[in-house]
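S.K.: whatever this is, show me its structure:
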Amino acid sequence: MAELKLRSKDPDSLRRIIQSALSERLQSVAAGIKRTEERIQEFETKYKLSTEEFISQFNNDELSHSFDFDEWIGEARMLAHLQQTKESIEEIDFVD
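M.R.: Just a heads-up that it's a prediction; the model follows:
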């Protein structure tokens, strides 16, 4: 685990600023996850496939190429990225 040290004349203020920024980022990422999950659900409903089934079939050339499929793949990748970002933020601990 990496550790980052910051120096400030007012460490309490610096801590509040960083905690606030992380909280805002976490809220933004959570909203992005919600929107992305909703978009993925639209594709799953429209094509009656789970995302896992879709990706498997797409990778095995069982589906014709379409713009929707490009978007669906992009949304799936975005969801994975957002979830990783969320986990990274949530793992941050402040130590004294």
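
S.K.: just give me the residue closest to the centre of this structure.
M.R.: Centroid-nearest residue in the chain: Leu82, 0.8 Å away (criterion: Cα atoms, centre = their mean).

S.K.: now it, what's its secondary structure?
M.R.: Counting by DSSP: H, G, I helix; E, B strand; the rest coil, the backbone at Leu82 sits in helix.

S.K.: relative to Leu26, how far out is it?
M.R.: 11 Å (Cβ to Cβ, to the nearest Å). Every residue, glycine included, has its C-beta placed from N, CA and C.

S.K.: tell me, how many residues neighbour Leu26?
M.R.: 15 (other Cβ atoms under 10 Å).

S.K.: which residues touch it?
M.R.: Applying Cβ atoms under 8 Å, 6 or more residues apart in numbering, one finds that Leu26 lies in contact with Lys86, Ile89, Glu90.

S.K.: give me the element it is part of.
M.R.: helix 11-47 (DSSP states H and E).

S.K.: contacts for the following helix or strand past that helix?
M.R.: Going down the chain from helix 11-47, the next helix or strand is helix 51-59, by DSSP H and E. The contact list for helix 51-59 (Cβ under 8 Å, 6+ apart) reads Ile40, Phe43, Glu44, Tyr47, Leu49, Leu63, Phe69, Trp72, Ile73, Ala76.
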